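**Student:** Provided below for reference: sequence and predicted model.
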Amino acid sequence: SSISIPSNVQYIGKGAFSNSTGIKEFIVDSANPNYASIDGILYNKQQKSLVAYPLDYENNKLSILSIGTSSK
């Protein structure tokens, strides 16, 4: 019911888990330089982009923060 992402995973393709049922959480090795998990949700390391949301997530509420962008 959980997916463990080891430290050596460099890239997870878009939609890699889109049809995966039964996943309740993602667990990312803290040494992974590309990904992080918070409360079982998979983000990029900077925690600014949602990568994957477990379809069977037990908490039925997810808050998405709006992060401002700047133009150069």
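**Tutor:** Structure's in. What do you need? As the structure is a computational prediction, the values presented were derived from the model and not from experiment.
**Student:** so what's the closest residue to Ile5 other than its chain neighbours up against?
**Tutor:** If the residues on either side of it in the chain are set aside, Ile5 comes closest to Val28, at 4.4 Å by Cβ to Cβ, 6 or more residues apart in numbering. From N, CA and C alone the C-beta is placed, and that goes for glycine too. Contact analysis of Val28 by Cβ atoms under 8 Å, 6 or more residues apart in numbering lists Ser4, Ile5, Tyr35, Ala36, Ser37, Leu42.
**Student:** at 10 Å what do you get?
**Tutor:** Counting by Cβ atoms under 10 Å, 6 or more residues apart in numbering, Val28 makes contact with 3-7, 9, 34-38, 42-43, 45, 51.
**Student:** what's the helix or strand where Val51 lies in contact with?
**Tutor:** Val51 is part of strand 50-52 when elements are defined by DSSP states H and E. Here strand 50-52 makes contact (Cβ under 10 Å, 6+ apart) with 3, 5, 12-18, 20, 23, 26, 28, 34-37, 41-44, 62, 64.
**Student:** mind running it again at 8 Å?
**Tutor:** Under Cβ under 8 Å, 6+ apart, the answer for strand 50-52 is Ile12, Ala16, Phe17, Phe26, Tyr35, Ile41, Leu42, Tyr43, Asn44, Ile64.
**Student:** that strand: which residues count as buried?
**Tutor:** Val51, Ala52 (16 or more other Cβ atoms under 10 Å).
**Student:** same thing with stretch 14-30?
**Tutor:** Phe17, Ile23, Glu25, Phe26, Val28.
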